[in-house]
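Engineer: Structure, please.
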Amino acid sequence: MPHFKLYLTKDKDELVLDYNNETSELRYENGDIVIPQNEFKEWKPFSKMNAGKRELTKIKIQLGMKCNYSCEYCSQRFVPRNPGDSYKHKDESIKTVEEINEFIRRFTKVTIGKEIHFELWGGEPFLYWDKFKLVTEKLHARYPHATFSTITNGSLLDQEKVDFLKNHRFSVSLSHDGIGQKTRGPDPLEDPEQKKWIYKLRDALVVSKDRTQDKFSVNSMVHRDNDSRADIQKWIRNTFGIVHIGEGGTIDAYDEGGLSMSWRTIEEHIAYRRKAFREVMSRSIDQFGILEKKIGSFIQAIKEQRPISSLYQKCGMDSPNTMAVDLNGNVTTCQNVTESGKNPGGISHNIGHMDDLESVDIKTGTHWSDREKCPKCPVVQLCQGSCLFLSPDSKEWELSCENAYSDNVVWLAGALYELTGHVLHRIEEDELPESRQDVFGFKTEKYASV
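Structural biologist: This next block holds a predicted model:
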């Protein structure tokens, strides 16, 4: 593993640190550690995706891929649908009950951890409302202390759904890019009826004065055409008040839509990094959960000296405690693919079945540890390898990697400022491209006016 020389500055004071991304050791030039190890944790190596599924703490249930929207960078847009993936309210009511009963019976062969969280996924999950209700009710009865969540575009809400979600203690995220929604796709807030029910849902799920127990959030993504978290937050605060903003990272480029929204030139990347860092420093993005998640996680890794061998993929699907499954019991690579779909190498995303979880084996993705660049990257502990089923030799992967680097080097700079009071401006390592070493373009004169 490479060692990185980190150059930071404060006024005219220059600080040089040595960072080992394999051991999470951060040291001064004299060898002293920046944060003494004071709460060492016994870290277990990651499973490398082929150790089965057991002691589950998170289960992502894929109801179906149908959606009434078509968002520009959607990660499901290119995924083949399963045969018969349709929703007919009257014709499928009996079939739905039988299907869900069989699905629930399969949980006799599933081991659950001390805590369990269920995520219900679409497409647009409320296109499958009968299935959504039945699955929730039966799982709620079987696991009374389970927690539930879902993500929706907000276009199909009504009183029945709002009441059901509140009564079953759902956390609900509205997919909306704030001021940048127009570059993503349709906006349900432009329809007065849809807007009314979105507000009713928000009001139903705001359950504490200090917002700490609220179960409503807005999920926003960042890309070239929507590159300011501060502008997104301002729009969301003006529209919804002080609510949690989820997601908040840069997009992965799965197809032409994502490619078109990725930064293409070094100048564009430098400009984004500078803007994003200013917003971190000004704390104008304090509603974004990603702010504390990224900076806090890196600082904790330094405190605990988290070894790279324990680092799971960003999505967590390589964890033996996390599973994505459809209603037929098929285990899939993640919730954004179908069992009938295949990865770029032609391998089915059906990686096993609920009836035999020990045999589950993810052969459909590329783990960060198997990518040539990831283990040599200074932000791997923050990035966690982006999306595992992006093909490592594709233009989609290359641009997604560049997006992720420009975002995560900003979080690295934010964490280092918290630790030292100095601003990171350069990262040196022999194999690191100059465009990644010169973090904010300070050394390269051509970027001085960016």
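
Engineer: how many neighbours does the closest residue to residue 425 other than its chain neighbours have?
Structural biologist: Spatial nearest neighbour of residue 425, chain neighbours left out: residue 442 (5.0 Å); criterion: CB to CB, 6 or more residues apart in numbering. In short, each C-beta sits where N, CA and C put it, glycine included. Using other CB atoms under 10 Å, residue 442 has 16 neighbouring residues.

Engineer: what about residue 442, distance to residue 270?
Structural biologist: Computed as CB to CB, to the nearest Å, the residue 442 to residue 270 distance reads 9 Å.

Engineer: in stretch 124-138, what's buried?
Structural biologist: Buried positions in stretch 124-138, judged by neighbour count with 16 or more other CB atoms under 10 Å: 124-136, 138.

Engineer: what sits up against that stretch?
Structural biologist: With contacts defined as CB atoms under 8 Å, 6 or more residues apart in numbering, stretch 124-138 is touched by 61, 63-64, 66-69, 87, 89, 92-93, 96-97, 99-101, 103-104, 118, 120, 122, 148, 150-153, 155-157, 161, 164, 168, 170, 327.

Engineer: Which members of those residues are positioned in helices?
Structural biologist: Judged by DSSP state H, the contacts of stretch 124-138 include 93, 96-97, 99-101, 103-104, 161, 164 as members of helices.

Engineer: Pull out the buried positions in the longest helix along the chain.
Structural biologist: The helix that spans the most residues within the chain, counting by DSSP H, is helix 395-420. Across helix 395-420, burial judged by 16+ other CB under 10 Å covers 396-417, 419-420.

Engineer: Distance of residue 426 relative to residue 434?
Structural biologist: 10 Å.

Engineer: Pick out whichever of these two has more residues nearby.
Structural biologist: Neighbour count, other CB under 10 Å: between residue 426 and residue 434, residue 426 has more, with 16 against 10.

Engineer: Show residues contacting the helix or strand of the chain with the lowest mean pLDDT.
Structural biologist: Across the helices and strands of the chain, the lowest-confidence element by mean pLDDT, DSSP states H and E is helix 93-105, at a mean of 84. Contacting residues not belonging to helix 93-105 are listed as 130-131, 134-135, 138-139, 142, 327-329 [CB under 8 Å, 6+ apart].

Engineer: which of the ones in helices among the contacts of stretch 124-138 lies closest to residue 430?
Structural biologist: Lowest distance from residue 430 to the ones in helices among the contacts of stretch 124-138 (CB to CB) belongs to residue 103, with 52.8 Å.

Engineer: For residue 146, see how far away that closest one is.
Structural biologist: Distance of residue 103 to residue 146, computed by CB to CB: 15 Å.

Engineer: Number of residues surrounding residue 429?
Structural biologist: Using other CB under 10 Å, residue 429 has 18 neighbouring residues.

Engineer: heads up, I number from 54, so please use that
Structural biologist: Sure, I'll start numbering at 54, so the last one becomes residue 482.

Engineer: quick one on the thing from earlier: only the buried residues of the least confident helix or strand of the chain, if you could.
Structural biologist: For helix 146-158, the neighbour count (16+ other CB under 10 Å) marks 149, 152-153, 156-157 as buried.
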